[in-house]
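Asker: need a structure here:
(chains A, B, C, D and E)
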Amino acid sequence: MRAGADSAITRNGKSIILAYDHGLEHGPTDFDPVPETADPEVLWDLATHSAVTAFAVQKGVAEAYYPSYEDDVSLLAKLNGTSNLWMGEPDSAVNWTVENAADLGADAIGFTLYGGSNHEVEMQEEFRDVQEAARDEDLGVVMWSYPRGQGLKNDKKPGTIAYAARLALELGADIAKVKYPGSEESMRRAVRAAGPAGVVMSGGSKTSDRDFLETVESAMDAGAQGLAVGRNVFQREDPEGILDALEQVIFEEATADEALETVGI
Amino acid sequence: MRAGADSAITRNGKSIILAYDHGLEHGPTDFDPVPETADPEVLWDLATHSAVTAFAVQKGVAEAYYPSYEDDVSLLAKLNGTSNLWMGEPDSAVNWTVENAADLGADAIGFTLYGGSNHEVEMQEEFRDVQEAARDEDLGVVMWSYPRGQGLKNDKKPGTIAYAARLALELGADIAKVKYPGSEESMRRAVRAAGPAGVVMSGGSKTSDRDFLETVESAMDAGAQGLAVGRNVFQREDPEGILDALEQVIFEEATADEALETVGI
Amino acid sequence: MRAGADSAITRNGKSIILAYDHGLEHGPTDFDPVPETADPEVLWDLATHSAVTAFAVQKGVAEAYYPSYEDDVSLLAKLNGTSNLWMGEPDSAVNWTVENAADLGADAIGFTLYGGSNHEVEMQEEFRDVQEAARDEDLGVVMWSYPRGQGLKNDKKPGTIAYAARLALELGADIAKVKYPGSEESMRRAVRAAGPAGVVMSGGSKTSDRDFLETVESAMDAGAQGLAVGRNVFQREDPEGILDALEQVIFEEATADEALETVGI
Amino acid sequence: MRAGADSAITRNGKSIILAYDHGLEHGPTDFDPVPETADPEVLWDLATHSAVTAFAVQKGVAEAYYPSYEDDVSLLAKLNGTSNLWMGEPDSAVNWTVENAADLGADAIGFTLYGGSNHEVEMQEEFRDVQEAARDEDLGVVMWSYPRGQGLKNDKKPGTIAYAARLALELGADIAKVKYPGSEESMRRAVRAAGPAGVVMSGGSKTSDRDFLETVESAMDAGAQGLAVGRNVFQREDPEGILDALEQVIFEEATADEALETVGI
Amino acid sequence: MRAGADSAITRNGKSIILAYDHGLEHGPTDFDPVPETADPEVLWDLATHSAVTAFAVQKGVAEAYYPSYEDDVSLLAKLNGTSNLWMGEPDSAVNWTVENAADLGADAIGFTLYGGSNHEVEMQEEFRDVQEAARDEDLGVVMWSYPRGQGLKNDKKPGTIAYAARLALELGADIAKVKYPGSEESMRRAVRAAGPAGVVMSGGSKTSDRDFLETVESAMDAGAQGLAVGRNVFQREDPEGILDALEQVIFEEATADEALETVGI
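Answerer: I've put the predicted structure just below:
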């Protein structure tokens, strides 16, 4: 963790990361609710929304479009990932080098760590190389810190989420992306565990506008730095609307109620 | 995926890839129907047919003949492969480096990924190195995207083929080579999932002239960029005839019927 | 082992290493007794205590704070570690390179070796690279020498601790950090086995002031060079008090009784 | 495969490779029939026989003697091998680098591939590095192509031997060294499968003079380029005699009968 | 094997290697018979005895003392080794690089190979790198050639010891260190199998003066180049006495009887 290292993907120290690596992680089935979202251009356009401080994609999607969007979007290069066609002990292929991402103009890098997996040791060592290379390129580092695998019975236990947040700090990430642990108090525990590293809540699968915004509000109240969101935006009929509301909650400190009213969704 | 990166192996954005790596993947038994096809020179001569936009071979076959054919054939260097003497969880040896292929004059590189295999993570990482090295050499990249292994019960399910096509895009290939998923609608779904990456249909084992051409017609109607074909050409008595017909269907937008009539096979 | 190589983290040949890698190794639960210890700054401030000759932390915690403390704290860069979310045969990820630690200004490096584990061979080879790189950077080397795994039934047997101390010498560490083997005589055996390498006792889980200080006194009488301590300092209400007392026992050759009386805890 | 790449170890496009790596592969027991053959010098002297176009040995045997024989013997550096003390799934250690062999003055390199083994993928990748390094040094490449392991029930089946020969071509070897598949017709099939790559028959364990020469005659009639032979030479009382006869059959197109008569053994 | 490469650790082509890597391989328990032998200095002093042509130690013990003994002792850098806390299939960590050993001033390098182990292939490849690096540094190479593991039922069978000696030659060692196979005739067979490589007998666990010297005499009569000895020297009350006697037997061609009488032990 290095103070300010994440400034290229935050605004006033807060962040909304729009994530769009579902084509790799889950397959095109995630695009079925709104079929045109299979077209990356639709998402790149969404990423130009003022609420979005970073757009997280895999190499191929960045290579094809980022040159056309580099003035309007901050690129968070997601360096590893795996298909869910594969069903082994959690692991994630490093399918993009920091050097290549930096050459393309990435503003920060993202990396998944499955703490507790039988691949934890290997993934930590891959993270080491990525984190140190990111420093050489002056890029911030976001860890998708998701305990998972043989060692874990419940990956949303408050203690596990706090541990996940701490791992990001200890290993040198600037921002820990963790699941919402179920309550504001538990989220606060995770934020405390992360020390000086920022914590962003992972959006997860789609819920109602109100439920989602209330959870985000609670995470922000707990001290989170922001949100990383994919399906809760792009699987909606009105993705701009929810981004407008998230902007209110995250950057304007509005409550979920206020945001729903202001935005009118 | 990078716009135009595949131009050396396409014509007007379409492609017919003649594939001849069967000696490695299946052994000489694939040459039994037409024994002289064991002689690579016979295939190199076929590859000079105007329908063929790229010839896909392994290192040894390229090294021995490409210097004599470099003016008449576009070389698609197939970098990995494995014999079927081996019967483990799907994997593929990287038996050719991008640098060596580029030195020989390759026009693009080809790489197999078995999504869903226990070797998926390792193969993705090998692909990363190959894809980035290909960019350094300004070479297009074709992914043989074949979900296979412990995670897959049915590797021709429409959702699986669409996922295969998407993997190619996400990981940075320019063209996804996938199996025909059984219907035009399913093929369209795969094409949509690939976004800006091109999709070529894999020819598979030999079928009748009509069946084969109708499938190709359907794939083209679904938005495919072209075809990769081996046995359906070289196991025929009249390989030039079928290439003539494929040229009609793929480059002239003829129906299978029209092509059969025009070519007279 | 190289004479004097550890001088940056010792004083008059003795050492008190304050260790704070628990956030990685055990998770934030170790901070529960004194919740503010989750904040690394609290520990960095403790590390400025005159008793402390080195502060052992992981990369992320060093990166975030060491630039502000480099005049007041000697940094012992702990290069490997693993979460206890993972429950496999003992292993430890190398999550920090010597070069990166040296660039940050580290004064020495620390490395865990689990002798007897199925990963012993691999860990010894990782240690080789780290030890030789440390020599290139003129850094001392501390081995956390903890026999553990399939080969060990009792990891505190006197013979095992002596073997642990010897491994540090044989493989090239300057200081062996070992568990207290239960008696002064056994500790003396470990010190003898280490030959010219220094031996520091590992503090372990929290005990009473008196018990802890008496154990440290016994270790020093046995010829130990000092102590590495974490929870026995930061899980106390009065961490400065116990550091004052440890300073008496280790640097002033006071008995536990004398130290308790002088310090008044 | 590159035309002419094997010229340093052939004469008029034909070859007799004297192989002497049995000390590694089988142990000194192979020297028991003629004990003085344990002394490498005896074999180096044999290798100066005019019939021999290349002498295949491991690094240590080359390092010790080649400087004294470099004017009289063509060195085929056998780069990998394993003892038969080990009894796992077929594999072969790469115990000599191409660079080291080239520095010593090697004229070509030899490499074993166990197609069908669980180590096939790894061995193909090792072969890739070796083959490309050999090209950099302008050295010919001979593949000992021996399908073996979990995937094979019968490693002398004609289809398997033909596949073995083809693997050598596909992967970039200049010469395929394969077992005799039992009949001239099957050998012809292997030769055809190898395309432009040469095929040499592997001598195998010792048989009678007549049987051996008749098999060689049949292999040559089938289009083989020559023979690789060890025990069938050095386990005989009169190794020069059999070399004289082999020279007749392979370079003079004599029948086995004619050779036996001419040479008088 | 390269003629003369071992001259820095032999005298008139003969050698007595004093080995002291027991602290790593067996642990401090080997020092219990004579406790002061835990102190490496005691052994370094012994190594200055005129009988000793090389002193074999691990990195840490060399690093700590060799600078003070470099004029009086020839350093045989033992590059790999493992603790016996670990109980898996025989393997040995490479815990010292050739480059580091050469920088320290090593006169030759030593390396263990467990032929027959499931790690044989990996160990041979490690040996390749070490052997070639040693040649670059003009250092002789001693192989501790110890068949061991799943493939071996009896690691002292004459055929196994002869094979062990041959492996050293084939793979490029200058000297093979093997166990005494039980009789002079069997030792002669091993010496013959090693061809131009020297053979030294491994001392093994402590026996009586007479038994030990008679075995050494027999090994020398069989053509051995010398002896590698540890416990049979340092576990004795009078280690200088036995070294005096060994010097007689090995360098003066005395019988065991003569040596015992001359030296008077």
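Asker: what about the residue most central in space within chain A, distance to chain D?
Answerer: With the centre of chain A defined as its mean C-alpha position, the nearest residue by Cα atoms, centre = their mean is residue A:228, 3.8 Å away. According to Cβ to the nearest Cβ, to the nearest Å, residue A:228 stands 37 Å off from chain D. No exception for glycine: its C-beta is placed from N, CA and C like everyone else's.
Asker: I'd guess that residue is in a strand, am I close?
Answerer: Yes. Assigned with DSSP: H, G, I helix; E, B strand; the rest coil, residue A:228 falls within a strand.
Asker: pLDDT score for it?
Answerer: pLDDT recorded at residue A:228 is 98.
Asker: and if you look at residue A:128?
Answerer: Residue A:128 is assigned a pLDDT of 98 by the prediction.
Asker: go on, the one 5 residues further on?
Answerer: The score at residue A:133 is 98. That number is its pLDDT.
Asker: so who does whatever residue of the stretch 51-200 of chain A ends up closest to chain E touch?
Answerer: Per Cβ to the nearest Cβ, the residue of the stretch 51-200 of chain A with the smallest distance to chain E is residue A:121, at 16.9 Å. Neighbouring residues of residue A:121 by Cβ atoms under 8 Å, 6 or more residues apart in numbering or on different chains: C:82, C:86, C:91-93.
Asker: Widest-spaced pair of these?
Answerer: In the contacts of residue A:121, two members sit farther apart than any others by Cβ to Cβ. They are C:86 and C:92, at 10.3 Å.
Asker: Pull up the residues of chain A that are close to chain B.
Answerer: A:21, A:23-24, A:27-29, A:31, A:35, A:38-40, A:58-61, A:63-65, A:81-83, A:85-88, A:91-97, A:100 (Cβ under 8 Å from any Cβ of the partner chain).
Asker: go with 6 Å
Answerer: Residues of chain A found near chain B (Cβ under 6 Å from any Cβ of the partner chain) are A:23-24, A:27-28, A:38-40, A:58-60, A:63-64, A:82-83, A:85-88, A:91, A:93-95, A:100.
Asker: which ones among those are found in helices?
Answerer: A:23-24, A:40, A:59-60, A:63-64, A:100 (DSSP state H).
Asker: all strands of the stretch 51-200 of chain A, in order?
Answerer: For the stretch 51-200 of chain A, the strands defined by DSSP state E, counting those that start in this stretch occupy A:54-57, A:75-78, A:80-81, A:93-94, A:108-113, A:140-145, A:175-179, A:198-202.
Asker: Just tell me which of these ends up closest to residue C:183.
Answerer: Nearest to residue C:183, of the strands of the stretch 51-200 of chain A and by Cβ to Cβ, is strand A:108-113 at 41.6 Å.
Asker: Do that closest one and chain C come into contact?
Answerer: No. Legend: contact between strand A:108-113 and chain C by Cβ under 6 Å from any Cβ is lacking; minimum distance shown is 9.4 Å.
Asker: pLDDT of that strand, averaged?
Answerer: For strand A:108-113, the per-residue pLDDT averages 98.
Asker: Each with direction, which strands does it pair with?
Answerer: Applying DSSP bridges, strand A:108-113 is found paired with strand A:75-78 (parallel), strand A:140-145 (parallel).
Asker: Present the ones you listed as a markdown table; the columns should include mean neighbour count and mean pLDDT.
Answerer: Shown next, in a markdown table, are those (neighbours: other Cβ atoms under 10 Å in any protein chain shown; pLDDT from 0 to 100):
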| stretch | mean neighbour count | mean pLDDT |
| --- | --- | --- |
| strand A:75-78 | 29 | 98 |
| strand A:140-145 | 28 | 98 |
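Asker: Redo those strands as a markdown table? Include distance to residue B:198.
Answerer: What follows is these, written out as a markdown table (distance: least, Cβ to Cβ, whole Å):
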| stretch | distance to residue B:198 |
| --- | --- |
| strand A:75-78 | 23 |
| strand A:140-145 | 30 |
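Asker: got a pLDDT number for residue A:203?
Answerer: In this model, residue A:203 carries a pLDDT of 89.
Asker: mind checking how far the top helix by length along chain A is from the chain centre?
Answerer: Using DSSP H to define each element, chain A has its longest helix at helix A:120-136. Relative to its parent chain, helix A:120-136 has a centroid offset of 18 Å by Cα atoms, centre = their mean, to the nearest Å.
Asker: ok, and for it, which residues are buried?
Answerer: Judged by neighbour count (16 or more other Cβ atoms under 10 Å in any protein chain shown), helix A:120-136 contains these buried residues: A:120-121, A:123-124, A:126-128, A:130-135.
Asker: For that helix, output the C-alpha coordinates as CSV.
Answerer: Presented in CSV, the C-alpha positions along helix A:120-136 are these (Å, rounded to 0.1, in the frame of the first residue of the first chain):
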residue,chain,number,x,y,z
GLU,A,120,-3.1,-19.4,-2.3
VAL,A,121,0.7,-19.7,-2.1
GLU,A,122,1.1,-19.6,-5.9
MET,A,123,-1.4,-16.8,-6.3
GLN,A,124,0.4,-14.7,-3.6
GLU,A,125,3.7,-15.2,-5.5
GLU,A,126,2.0,-14.1,-8.8
PHE,A,127,0.6,-11.1,-6.9
ARG,A,128,4.1,-10.3,-5.7
ASP,A,129,5.4,-10.0,-9.2
VAL,A,130,2.4,-8.1,-10.4
GLN,A,131,2.5,-5.7,-7.5
GLU,A,132,6.2,-4.9,-7.8
ALA,A,133,5.9,-4.5,-11.6
ALA,A,134,2.9,-2.1,-11.0
ARG,A,135,5.1,0.0,-8.7
ASP,A,136,7.7,0.2,-11.4
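Asker: Kindly report the residues of the stretch 1-150 of chain A close to chain D.
Answerer: Counting by Cβ under 6 Å from any Cβ, the stretch 1-150 of chain A comes close to chain D at no residue.
Asker: how about the residues of the stretch 1-150 of chain A near chain C?
Answerer: Checking the stretch 1-150 of chain A against chain C by Cβ under 6 Å from any Cβ, the hits are A:1-2, A:115-116, A:118, A:120-121, A:124-125, A:128, A:132, A:147.
Asker: Please identify the nearest residue in space to the residue of the stretch 1-150 of chain A found nearest chain D, excluding sequence neighbours.
Answerer: Closest residue of the stretch 1-150 of chain A to chain D, Cβ to the nearest Cβ: residue A:93 (17.0 Å). Leaving aside its sequence neighbours, residue A:93 sits nearest to residue B:124 (Cβ to Cβ, 6 or more residues apart in numbering or on different chains; 3.5 Å).
Asker: Show the model's pLDDT score for that neighbour.
Answerer: So, for residue B:124, pLDDT stands at 98.
Asker: right, and it touches residue A:94 too?
Answerer: No. Taking Cβ atoms under 6 Å as the definition, residue B:124 is not a contact partner of residue A:94, at 8.1 Å.
Asker: Hmm, which of the contacts of residue A:121 is lowest in pLDDT?
Answerer: Out of those, that is residue C:86, at 94.
Asker: Measure how buried that residue is and give me the count.
Answerer: 23 (other Cβ atoms under 10 Å in any protein chain shown).
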